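Asker: Below is the structure, and that's it, no one-letter string:
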Ligand SMILES: Cc1cn([C@H]2C[C@H](O)[C@@H](COP(=O)(O)OP(=O)(O)O[C@H]3O[C@H](C)C(=O)[C@H](O)[C@H]3O)O2)c(=O)[nH]c1=O
């Protein structure tokens, strides 16, 4: 697997671009390699794969995270359609606390986003019938499944969808604002990516 890795403006969040080997039959791509990711500084033991399908364009899932001891790092990719993907730094004491990064992740771009623990994650679909596949580093734990309101004005995410257009779960509509969030994560200087 040869893979390009580019940090976003919050450098712990990475864009991963695996090679795609095209030939007359189609293509093959190593979409994940634990040893290669470790060589790139992303030494994560992912334990679960999720597959989410969204019927409509404008489906917004997030902003979610799991609290300790089930905090999750995520490696997100799109196998059909496209998403505007967002990661919000919620590590108390971080120089980028409350700031976000975003990236278009799509089947056409064949790119992935790595979101470490300490970040709330979400996306909105840019096409109908979008399918997102992602690895997480801790199992699902409903008791530890937490979230942050998608349109918290204190974060000010520039979503490419209006409140009227967004398709949200009732759960996501009632998530707290950043100012109401307990201190789930604390910033550790020069930590390895986790
Ligand atoms: C996340 C998850 C959910 N579920 C069950 C719980 C519900 O019965 C159903 C839908 O769950 P939820 O509404 O939380 O799904 P999303 O809104 O897509 O949540 C995800 O959205 C954003 C993008 C994230 O980053 C998280 O991975 C995840 O929270 O699947 C499971 O059984 N296992 C799981 O790992």
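Answerer: Noted; the coordinates are in hand. Note that the structure is predicted; figures quoted are calculated from it, not measured.
Asker: only C-alpha atoms for contact and neighbour calcs from this point on.
Answerer: Fine.
Asker: Near the ligand, which residues of this structure are found?
Answerer: Contact residues (C-alpha under 6 Å from any ligand atom) of the chain with the ligand: 61-62, 64, 121-123, 140.
Asker: export these to JSON lines and tack on pLDDT, secondary structure and neighbour count?
Answerer: Compiled in JSON lines, the residues of the chain next to the ligand are given as follows (pLDDT from 0 to 100; DSSP: H, G, I helix; E, B strand; the rest coil; neighbours: other C-alpha atoms under 10 Å):
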{"residue": "61", "pLDDT": "98", "secondary structure": "strand", "neighbour count": "21"}
{"residue": "62", "pLDDT": "97", "secondary structure": "strand", "neighbour count": "25"}
{"residue": "64", "pLDDT": "98", "secondary structure": "strand", "neighbour count": "21"}
{"residue": "121", "pLDDT": "98", "secondary structure": "strand", "neighbour count": "25"}
{"residue": "122", "pLDDT": "98", "secondary structure": "strand", "neighbour count": "21"}
{"residue": "123", "pLDDT": "98", "secondary structure": "strand", "neighbour count": "25"}
{"residue": "140", "pLDDT": "98", "secondary structure": "coil", "neighbour count": "16"}
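Asker: Can you pull out the low-pLDDT segments for this structure?
Answerer: For the chain, applying pLDDT under 70 flags the ranges 1-2, 189-194.
Asker: quick revisit: tell me the one among the residues of the chain next to the ligand nearest to residue 27.
Answerer: Residue 27 lies nearest to residue 123 out of the residues of the chain next to the ligand, by C-alpha to C-alpha, at 26.7 Å.
Asker: who's in contact with the closest one?
Answerer: Residue 123 makes contacts with 60-63, 83-86, as judged by C-alpha atoms under 8 Å, 6 or more residues apart in numbering.
Asker: Try it again at 10 Å.
Answerer: Each residue near residue 123 by C-alpha atoms under 10 Å, 6 or more residues apart in numbering is listed here: 58-64, 82-87, 102-105, 132, 150, 159.
Asker: can you tell me which helix or strand the closest residue to it other than its chain neighbours belongs to?
Answerer: Leaving aside its sequence neighbours, residue 123 sits nearest to residue 85 (C-alpha to C-alpha, 6 or more residues apart in numbering; 4.3 Å). Element membership of residue 85, judged by DSSP states H and E, is strand 82-89.
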